[in-house]
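[1] just coords:
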Ligand code: NAD
């Protein structure tokens with residue numbers, strides 16, 4: 001029986017539409033070669049939506065997202081909209097989308113493909129076979145806590161205030177996502193905070209420990225201070241499987257982990273909320289206005305984001321595996337967009353990279 005899915009595709013600005021055109025090729029290939037049916041809603045976000053609707057995310061677009069199994073986004077932003085009011089800037093559309101979809105867990109894999117091992121700044125023997133998943137809490141912590149602001153103290157001094165605050169339900173729900181994912185991978189979770197100097201970190205550690213004992217004691221759990229985690233990511237990254245951490249530490253640790261892999265054009269991400277709601281899948285990179293429209297963009301981060309959608313929102317792990325191993329094959333065959341070009345390889349355009357991937361899927 002044909003399985004049916006609804007996807008919302010938001011190509012966005014800059015290189016977003018070019019990369020998304022290659023995702024469409026993969027969707028078409030799945031339609032034609034597997035018993036899968038996709039209903040696609042395509043719409044604008046970011047600057048493209050501002051030009052069309054006067055806002056960076058229209059209500060009708062949001063409705064389509066809510067009615068989908070997954071939302072695949074390209075990228076937003078660019079110099080054309082630099083002077084638009086802050087609340088109508090392209091980035092505001094993306095922030096609204098994340099908030100309205102209730103996405104509290106951000107997943108950032110750091111995967112080193114053998115063929116790109118030299119792109120890492122670390123030694124090949126340190127990053128070989130690296131496969132880490134960072135789960136970052138996305139809607140709480142110091143970026144949202146109250147009180148916040150800058151106070152004038154009246155004596156020529158000012159005070160900047162942000163509040164780090166977490167409640168048990170926020171820690172438990174992101175912890176649950178991390179433990180669940182670990183069960184499908186290496187079955188190990190490192191939970192990172194600063195319980196030594198922060199009460200919110202102490203609560204984080206206690207709540208994660210209680211959740212582990214109650215629901216996930218088959219998964220290996222280790223606690224680690226976030227500063228030590230930063231150090232260990234550089235010293236011995238292959239000790240990690242899943243890392244779960246708060247919004248602030250996750251922001252920093254996920255960028256550090258991502259750069260172990262060396263290339264922005266290869267990095268996908270997923271943001272998840274409650275299990276029965278749609279997830280949002282997008283590459284880590286931005287709209288790259290410097291290369292937009294020139295056929296130079298690497299579409300693999302967006303294609304790998306789509307593979308994450310298949311795995312996490314559509315429960316199609318076999319198809320996700322097939323796409324990921326096709327990416328591996330293309331890289332092993334030496335086909336490279338300019339950002340990952342190396343000696344002895346063949347430079348290909350965005351569209352040629354998509355075609356090469358389809359060819360690899362067919363084999
Ligand atoms: P960027 O990620 O767009 O580009 C940084 C550099 O990496 C550029 O030199 C670019 O050419 C290159 N690059 C990025 N993705 C690539 C790919 N797939 N293939 C080949 N090369 C790639 O970051 P930036 O230049 O700081 O920002 C540009 C715009 O994107 C800004 O308007 C920014 O606000 C926006 N932005 C959006 C997102 C998002 O949509 N989630 C994220 C970051 C930045």
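    Noted; the coordinates are in hand. Please read these numbers as outputs of a predicted model, since none were measured by experiment.
[2] Got the domain ranges for the chain?
    The record, using automatic domain parsing to delimit domains, assigns the chain the ranges 1-104+273-363, 112-263.
[3] The first one near the ligand at all?
    It refers to domain 1-104+273-363. Yes - remark: domain 1-104+273-363 sits within contact range of the ligand at 15, 75-78, 91, 94, 282, 285-291, 297-298, 301, 339, by CB under 6 Å from any ligand atom. From N, CA and C alone the C-beta is placed, and that goes for glycine too.
[4] same deal with the shortest one?
    No - counting by CB under 6 Å from any ligand atom, no contacts exist between domain 112-263 and the ligand, the nearest distance being 8.3 Å.
[5] now residue 276, what's its secondary structure?
    Local secondary structure at residue 276 is given as coil here, using DSSP: H, G, I helix; E, B strand; the rest coil.
[6] Identify the residues contacting it.
    With contacts taken as CB atoms under 8 Å, 6 or more residues apart in numbering, residue 276 has no neighbouring residues.
[7] any idea how far it lies from residue 102?
    Separation of residue 276 from residue 102 (CB to CB, to the nearest Å): 11 Å.
[8] Residues in a beta bridge with the residue of the stretch 101-250 of the chain found nearest the ligand, which ones?
    Nearest to the ligand, among the residues of the stretch 101-250 of the chain, is residue 106, at 11.5 Å (CB to the nearest ligand atom). Here residue 106 sits in beta bridges with residue 136, residue 271, as judged by DSSP bridges.
[9] so it sits right up against residue 268, yeah?
    No - Residue 106 is not in contact with residue 268 according to CB atoms under 8 Å; the separation is 11.7 Å.
[10] which SS state does residue 146 fall under?
    Criterion first, three-state DSSP; result for residue 146: strand.
[11] Phi, psi for the residue lying closest to it once chain neighbours are set aside please.
    Nearest in space to residue 146, with sequence neighbours left out and distances taken as CB to CB, 6 or more residues apart in numbering, is residue 163 at 5.9 Å. Listed backbone geometry of residue 163 is phi -120, psi 120, with angles given as degrees, to the nearest 10.
[12] Count the neighbours of residue 163 for me.
    Other residues lying near residue 163 total 12 when counted by other CB atoms under 10 Å.
[13] show me what contacts it?
    Applying CB under 8 Å, 6+ apart as the definition, the contact partners of residue 163 turn out to be 142, 145-148.
[14] at 10 Å what do you get?
    Residues in contact with residue 163 (CB atoms under 10 Å, 6 or more residues apart in numbering) are 141-142, 144-148, 200.
[15] Who wins on neighbours among these?
    With neighbours taken as other CB under 10 Å, the top of those is residue 141, carrying 24 neighbours.
[16] okay but it is in contact with residue 226, surely?
    No - the pair formed by residue 141 and residue 226 falls short of the contact definition of CB atoms under 10 Å, at 11.9 Å.
[17] between these two, what contacts are shared?
    Residues within reach of residue 141 and of residue 226 at once, by CB under 10 Å, 6+ apart, are 245-246, 248-250.
[18] Spell out for me which residue occupies the centre of this protein.
    The C-alpha lying nearest the average C-alpha coordinate of the chain belongs to residue 269 (CA atoms, centre = their mean; 1.5 Å).
[19] Pretty sure that residue sits against residue 94.
    No - Residue 269 sits out of contact with residue 94 when judged by CB under 10 Å, with a separation of 12.0 Å.
[20] Count the residues that sit near the nearest residue to residue 100 once chain neighbours are set aside.
    Using CB to CB, 6+ apart and skipping residues adjacent in sequence, the residue nearest residue 100 is residue 62, 5.6 Å away. If you count neighbours by other CB under 10 Å, residue 62 ends up with 19.
[21] Residue 171 too?
    Neighbours of residue 171 under the rule other CB under 10 Å: 25.
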